[in-house]
Structure formats: C-alpha cells, structure tokens
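# Kindly return the folded structure for what I paste below:
(one chain, ligands or ions: 2)
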Amino acid sequence: MGKQEERNQQKIEKKKPRFLCLHGFRTNGQIMKTQIEKWPPSVLEKLDLVFVDAPFPANGKSDVEGIFDPPYYEWFQFNKEFTEYTNFDECLAYIEDYMVEHGPFDGLLGFSQGAILSAALPGLQAEGVTLTKVPKINFLVIIGGAKLKEPSLAEKAYSCPIRCPSLHFLGETDFLKPYGTELLESFVDPVVIHHPKGHTVPRLDDKGLPTMLDFVERIQKAGLYSRTGFRRWCSGSGEVRGMASRPVSSVESLESSDSITYLSQREAAEIDETLMGPLCFSVDQLMELAGLSVATAIAEVYRSSEYNRVLAICGPGNNGGDGLVAARHLYHFGYKPVVCYPKRTPKPLYDGLVIQLESLSVPFLLAEDLPMDISNDFDILVDAMFGFSFHGTPRPPFDDLIQRLVSLQKRDHMRQKPPVVISIDIPSGWHVEEGDINGDGIKPDMLVSLTAPKLCAKRFCGPHHFLGGRFVPPSIVEKFNLKLPPYPSTSMCVRIGKPPQVDISALRENYISPELREDQVEADPLAQFEKWFADAVAACLKEPNAMALSTADKSGKPSSRIVLLKGVDKDGFVWYTNYESQKAREISENPRASLLFYWGGLNRQVRVEGLVEKVSEEESEQYFHSRPRGSQIGAIVSKQSTVIPGRNILHLEYKELEAKFSDRSLIPKPKHWGGYRLKPEHFEFWQGQQSRLHDRIRYSPEVTDGKRVWKIDRLAP
Ligand SMILES: NC(=O)C1=CN([C@@H]2O[C@H](COP(=O)(O)OP(=O)(O)OC[C@H]3O[C@@H](n4cnc5c(N)ncnc54)[C@H](OP(=O)(O)O)[C@@H]3O)[C@@H](O)[C@H]2O)[C@H](O)CC1
Ligand SMILES: [K+]
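Numbering: from 1, shown residues only. Ligands and ions are numbered 1, 2, ... in the order given. Reported below is the predicted structural model:
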C-alpha cells in the first residue's frame with residue numbers, strides 16, 4: 001500500500017458514524033445529550049452524535065421536572081391505549097426535513113418515545129411512508145424502546161424483518177422491558193445490552209462497555225466497507241442473538257429461513273455454465289423458459305384486464321433477452337407490450353427475438369423517445385436491464401432509465417395508481433449479492449428470481465417474490481446443493497415470498513363481460529346452463545362441475561358444501577354421496593335444496609333451486625362401478641360426517657380393503673352410498689359487469705295456455 005493510500009485508509013478508518021439522536025417524551029435534546037455524556041470517551045469519541053428537539057412543546061407535565069430544566073418537547077401525542085396518534089405525520093415530516101437539512105445521517109439513536117420512533121423508521125422508510133428524501137438508515141441504537149401500537153403503522157414498520165445492525169438497551173426494572181424484548185423479534189440479529197436500571201439512559205458498565213465498543217467498531221467497519229459491510233457485520237463476535245458468530249458463506253442463508261438457497265454471483269454463473277456446457281442446454285432454450293416464467297408470474301398477480309400496458313426495458317445481456325421473451329409471451333396473454341431496448345447486442349439470438357416482436361407489431365421505443373412521465377402511459381414496467389453479471393455502477397443510458405424508475409416510485413401518486421415495477425432476476429442497479437447498498441435504488445413490487453434467487457434477493461422487501469426457470473435438473477440440484485421449492489402442478493413459476501397481506505374489504509373486481517341479454521338467452525334454462533357449462537370447460541376452469549349444495553334441516557337450519565355434478569339432463573342435476581351424511585339427513589327431512597355454480601374465470605354464477613330425490617339403485621350401482629377402484633374403497637371406508645379418532649384409521653381400513661380386493665374382484669357398492677337428483681324449479685344466471693351493474697336473468701316456471709313454460713325476467717343487480 002502506498003503512503004497516500006495508507007493515509008486515505010486511516011482517514012476512512014477514522015470516519016465516525018453520524019447518529020441523529022431522538023430524546024424521550026417531554027424532555028429535550030440537551031437533556032439527552034447530558035445523559036449520553038455519562039458514557040466513556042472511548043465510546044463517545046468514536047461517534048458523531050447530533051441532538052435535536054422534538055417538534056411539539058410538552059402538552060402536560062414532564063417526568064423530569066425538577067431534575068432537568070425545561071423547555072420540554074414531545075414527538076407526537078397518543079391515546080391512553082397508545083393505539084391512536086396525533087401529529088404523527090407532522091412528526092415524520094419534521095424528522096425528514098431535519099435530516100435533509102443537517103444530514104446525511106448514518107443511523108438513529110433514540111430513548112423512550114425517541115427509541116420507539118427510531119426503531120420504526122427503517123421499516124417505514126422501506127415501505128416509502130417517510131424518509132424518502134434521505135439515504136437509508138443503516139444503524140440503530142434503541143434505549144428503552146418498544147413497537148408502535150397504531151395498527152396500520154405497525155404493519156408497515158415491522159412486516160419485513162429489519163436488517164440494519166441494531167443495539168438495544170434493556171433495563172431490568174424498566175416498565176417497557178417486555179415491549180423492548182418483543183421489539184427484538186422484528187430485527188435480524190439485534191445486539192442487546194442488559195442493564196440493572198429502569199427506564200433511563202444507563203451508564204455503560206463492565207459488561208455493557210465491551211458490547212458497545214464492539215458494536216461501534218463494527219459499524220465503523222461497515223462504513224469503511226460500505227459495499228460489503230453487511231456481510232462483514234454478520235461475521236464478527238459479540239452478543240448477537242439468533243445467529244451464532246460465524247463467517248457467512250455465499251450460499252448460506254443470512255435469513256433464518258433455510259428452505260431455499262440463495263446464490264452468489266459466481267455460483268449463478270457456474271450453474272449457467274454447467275447448464276450450457278455438459279448439460280447441453282442452449283441459451284435460447286433457457287431464455288425462452290426464463291421469459292415464459294416471468295410472463296406467467298406477472299399474469300398470476302397483475303391481470304391484463306387491469307394492468308394492460310407494459311413497458312419492458314431491456315439491457316444488453318441475457319437479462320434483456322429474458323425481457324424480450326417475456327414481452328412476447330405477455331402479448332400472447334393479452335397484454336399490450338412496448339419495448340425499450342437501447343443497447344442491442346448484434347447476435348442472431350437477440351435479432352430473432354426482436355424480429356418476432358416486430359412481427360407482432362410490438363412497438364420499440366428509443367430511450368430518448370420515452371414519454372417524460374412514464375407513469376401515465378404504462379401499468380407495468382418490466383425491469384430487464386441487468387441480471388447476475390451486473391457489476392460496478394450503471395452506465396448510460398441505463399443510469400437514467402433506472403433513475404426514472406426510482407423517481408417514479410418516490411412520487412406521490414395522488415390521482416392515479418402508479419405503474420408496478422417487476423424486476424427480472426435482479427433489481428437493476430442492485431449489487432448482485434449485497435442488494436440496494438445505498439438504499440436509493442429500484443424498489444420493485446415484484447421480483448422474479450430465475451433458477452434460484454441470488455443473495456441480493458434477501459433484501460427484496462416488495463409484496464411479490466416468485467421463482468421461475470423450471471428447468472433445473474436433479475444433477476445441478478445435487479452438485480450445487482440447492483434447496484428449491486416445488487413448483488405447483490404444471491406452473492412455470494412459484495411464489496417464494498410470503499403472500500402479501502390483503503385488506504379484505506378492499507378486494508374487489510371490476511368485471512368486464514360480454515352482454516347477457518334476456519332476448520338472447522336460450523328459452524330453456526337447461527340449454528342455457530349447458531351452453532355456459534361448455535364455456536367453463538373451454539376456458540379450462542378447474543372443476544367446472546363443482547357446485548355448492550345448500551340444504552336445510554326440518555327446523556330450517558341451513559348448511560352448504562361443495563359437491564361434484566355427475567350428470568345433468570331434462571330430469572335434473574345429479575350428484576353422489578353417502579346416504580348417512582349430514583346432507584342426506586337434511587334432505588330426508590326437507591327435500592328443498594339449492595345448487596350454486598361459480599365460474600370465477602368467466603365472471604359467472606348459476607343458481608338452481610328445486611326438490612331433491614334419490615336416483616334409482618341401478619343408476620347408483622352403475623355410477624359406483626365406473627369410479628376408480630380407490631374411490632370405491634374410499635366410499636366404503638368413510639362413515640361420512642361421523643367423528644373419527646384420527647386420519648390413521650382411514651388409512652388402516654383403506655389398506656385392509658385394498659388387500660381384500662387386490663384380486664381385482666368386484667367391489668360391492670355399500671348400501672349407504674348413492675345418488676341424488678335435484679329437479680329444478682328456478683334458475684338464475686348471473687354475470688358480473690362493470691360498476692356492479694351485473695346481469696341477473698331468472699327463469700321461473702309458469703303455465704300458459706295449459707302448457708308449462710319458463711318465464712324469463714331480468715333482476716336488478
Ligand atoms: N441459468 C440461468 O439462471 C439463466 C439466466 N438467464 C438470465 O441471464 C442473466 C444473466 O445474463 P448475462 O448476460 O450473464 O448478464 P446480464 O444480463 O446481467 O448483463 C450483462 C451485460 O450487462 C453489461 N453490464 C454489466 N454491468 C454494467 C453496468 N454497470 N453498466 C452498463 N452495462 C453493464 C455487460 O457489459 P460489460 O461490458 O460490463 O460486460 C453485459 O453486456 C440472468 O440474470 C438471467 O436473467 C437466462 O436468460 C436463462 C438462464
Ligand atoms: K433486472
């Protein structure tokens with residue numbers, strides 16, 4: 001190392017992490033400073049601490065009256081249960097303004113109400129609730145802290161594990177200790193100093209001081225090695241909960257979850273080489289499957305009826321190729337893709353992908369021709385700029401394109417919903433292993449990891465994380481010791497993050513369906529039913545013959561369950577079951593029943609109501625013997641609706657009967673098993689339409705000129 005380099009090194013090593021210090025309720029910055037100054041110089045000289053007064057003058061008596069001089073301030077006000085706050089938004093704005101003006105700050109140090117705020121701010125920042133104009137909070141010191149209790153804020157603050165290094169002081173006799181302990185669960189690897197005092201800023205004793213010094217040293221190092229800081233952080237010693245002190249290998253999980261492997265950049269490239277070397281996959285093949293996975297993941301979450309206009313921004317490498325393929329599949333799925341592909345790679349593979357898109361009349365836009373405000377023109381932005389070979393910082397024109405995505409997400413979208421950002425494999429601009437190091441990168445709504453997630457995916461905090469690239473053969477799984485989730489059924493993608501929490505009351509679909517007109521429906525409701533049933537089959541809906549059967553006992557108490565329609569004709573709707581089940585008992589007491597078919601994919605439902613009777617014994621016999629032998633045995637084993645001691649008993653009986661009938665002899669239909677037929681008296685065909693103006697067409701029987709006919713009425717939705 002040369003002299004100048006050595007000097008620079010020393011300079012950096014001396015750089016002190018800068019903390020904004022937030023004082024307790026109804027005290028002030030100077031009081032907190034006085035308390036903190038009880039700490040030894042060996043700690044204080046290593047930190048740059050800035051103390052600020054809270055925005056609101058104390059609205060009542062302060063606990064420190066007579067001990068410290070006024071004025072006293074508070075950050076926000078709250079109700080008795082601490083579940084409702086006043087002036088919280090103003091408080092956040094005040095802190096953000098202060099940080100903009102006096103920053104940058106590396107971390108927050110808080111006591112009591114200031115600690116509650118400090119601990120919540122990284123989560124609120126990650127969710128874009130506040131501190132969007134300042135760099136990411138990298139470190140926390142929490143003294144006598146707790147969680148926010150206001151439910152909607154709490155959900156945002158703690159729903160993702162908080163990863164920034166944090167030091168927590170827990171006082172033995174502090175009334176907040178249980179809450180401070182609970183807060184630890186929201187943090188990944190919090191460091192804890194236990195002290196014997198109550199709700200106060202404690203002195204640092206023989207046990208606390210080394211932990212504190214160790215923490216300070218490590219955050220200094222993290223500052224020094226800012227691009228790799230987190231990894232170094234995790235490899236040291238100290239009182240670190242959860243993860244024992246150990247070096248972290250590239251494929252080892254930094255998260256508690258050990259159910260999936262995260263790949264380093266090198267491993268991702270090695271897997272790629274193995275696929276395309278000894279395993280003889282071509283890049284075209286893998287790209288096709290990767291792009292298809294991305295398109296199916298998008299279609300799973302963002303329906304084309306609502307999110308139709310797609311902009312795919314494609315980079316020069318294979319990640320860009322995945323974007324081109326995904327755009328083509330999205331076109332075929334009914335979306336309207338537009339492609340921005342500013343640095344075309346002159347290779348036959350990419351040329352072909354471009355020609356294929358052009359043949360579908362998919363427009364290509366130059367980066368400079370993109371509209372100023374892309375939020376107005378697109379519903380989905382596919383980030384296919386860089387994948388696992390990204391290194392350094394983005395070069396033009398991608399630096400600008402990435403910035404557009406970032407600023408778009410920061411903007412306040414008061415009037416319309418902003419487009420969603422979907423990153424393929426890596427959020428472009430993120431370090432492949434360390435993630436969004438400075439906290440000012442893209443924050444995708446969806447990440448589709450390919451083959452296996454890369455290490456940076458651990459920092460992904462958006463609502464939808466999927467895995468795609470269902471082409472990994474067992475030999476690669478073994479060679480690289482991969483843990484991957486199973487893909488469902490024939491799907492090209494699988495969700496790997498926890499599904500987003502939904503507000504049930506906000507779930508609503510704006511149905512778009514063809515018109516259902518009373519003058520165009522079939523005169524016979526059975527013919528209308530058959531027509532719609534054929535549509536449901538053609539649309540590949542799962543179990544279109546599933547219907548909710550509602551029955552009621554003699555007192556009128558109703559019950560419903562799903563059964564499968566096994567036949568329909570002019571005589572009625574047939575299903576089979578156990579004649580000793582609850583529904584059978586209810587039907588014997590009250591033969592009135594209702595069937596409901598719901599074909600969600602077509603925005604349709606059909607109600608059929610009428611009287612139920614048993615089908616003939618021959619019909620039941622015939623159907624019973626047409627079933628798979630396993631189902632026949634199952635029907636004998638199950639004493640439907642009776643209480644049983646466990647699942648095991650079913651298996652035991654099943655095995656016994658399986659052995660008994662292993663000679664393929666006829667399995668006799670049990671007496672208690674057979675069919676029912678509902679003879680329809682009323683039908684109603686429902687079709688969802690925009691703005692809740694649904695179609696409802698009812699068929700009811702009437703007698704005209706001595707003839708029984710079906711009367712057709714439209715009902716109000
Ligand atoms: N096996 C799999 O998992 C498959 C993955 N696929 C996808 O492929 C990418 C990886 O593709 P690769 O071509 O290796 O790399 P990238 O797409 O990340 O891009 C490399 C190009 O980007 C340039 N680059 C790199 N850094 C920068 C930068 N800072 N600024 C501008 N440009 C940059 C780089 O140029 P260099 O001159 O720097 O080398 C390349 O031109 C993977 O992530 C998946 O998405 C396959 O499609 C399927 C199999
Ligand atoms: K990307």
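
# Near Lys707, how many residues? Count them for me, please.
7 (other Cβ atoms under 10 Å). All C-beta spots, glycine's among them, are computed from the backbone N, C-alpha and C.

# Can you pull the phi/psi pair for it?
phi -110, psi 140 (degrees, to the nearest 10).

# what bridges to it?
Thr704 (DSSP bridges).

# Is there proximity between stretch 483-502 and ligand 1?
No - using Cβ under 6 Å from any ligand atom, stretch 483-502 stays clear of ligand 1, coming no nearer than 12.1 Å.

# Let me see the contact set for whatever residue of the stretch 351-500 of the chain ends up closest to ligand 1.
Nearest residue of the stretch 351-500 of the chain to ligand 1 (Cβ to the nearest ligand atom) works out as Gly387 at 1.9 Å. For Gly387, the contact set (Cβ atoms under 8 Å, 6 or more residues apart in numbering) comprises 315, 317-319, 322, 424-426, 450.

# Which of those fall in strands?
Secondary structure from DSSP state E places 424, 450 of the contacts of Gly387 in strands.

# near ligand 2, from the contacts of Gly387?
424, 426 (Cβ under 5 Å from the ion).

# Adding distance to Ile697 and neighbour count, write the contacts of Gly387 out as JSON lines.
As requested, the contacts of Gly387 are exported to JSON lines (distance: Cβ to Cβ, whole Å; neighbours: other Cβ atoms under 10 Å):
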{"residue": "Gly315", "distance to Ile697": "52", "neighbour count": "26"}
{"residue": "Gly317", "distance to Ile697": "55", "neighbour count": "18"}
{"residue": "Asn318", "distance to Ile697": "52", "neighbour count": "23"}
{"residue": "Asn319", "distance to Ile697": "50", "neighbour count": "25"}
{"residue": "Asp322", "distance to Ile697": "46", "neighbour count": "33"}
{"residue": "Ile424", "distance to Ile697": "45", "neighbour count": "35"}
{"residue": "Asp425", "distance to Ile697": "49", "neighbour count": "29"}
{"residue": "Ile426", "distance to Ile697": "51", "neighbour count": "31"}
{"residue": "Leu450", "distance to Ile697": "47", "neighbour count": "30"}
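
# need the residues of the chain near ligand 2, please.
So far as Cβ under 5 Å from the ion goes, the chain lies against ligand 2 at 383, 423-424, 426, 428.

# Look up how far Gly144 lies from Tyr73.
Distance, Tyr73 to Gly144, by Cβ to Cβ, to the nearest Å: 17 Å.

# Check Ser513 and give its pLDDT.
pLDDT, Ser513: 83.

# so what's it up against?
Contacts of Ser513 (Cβ under 8 Å, 6+ apart): 602-604, 687-689, 695.

# For ligand 2, give me its nearest residue in the stretch 151-300 of the chain.
Val294 (9.9 Å; Cβ to the ion).

# you'd agree that residue is up against Ala327?
No - counting by Cβ atoms under 8 Å, Val294 does not reach Ala327; the two are 9.4 Å apart.

# more crowded one of these two?
Val294 (32 against 28).

# Could you verify that the more buried one is part of a helix?
Yes - Val294: assigned to a helix according to DSSP: H, G, I helix; E, B strand; the rest coil.
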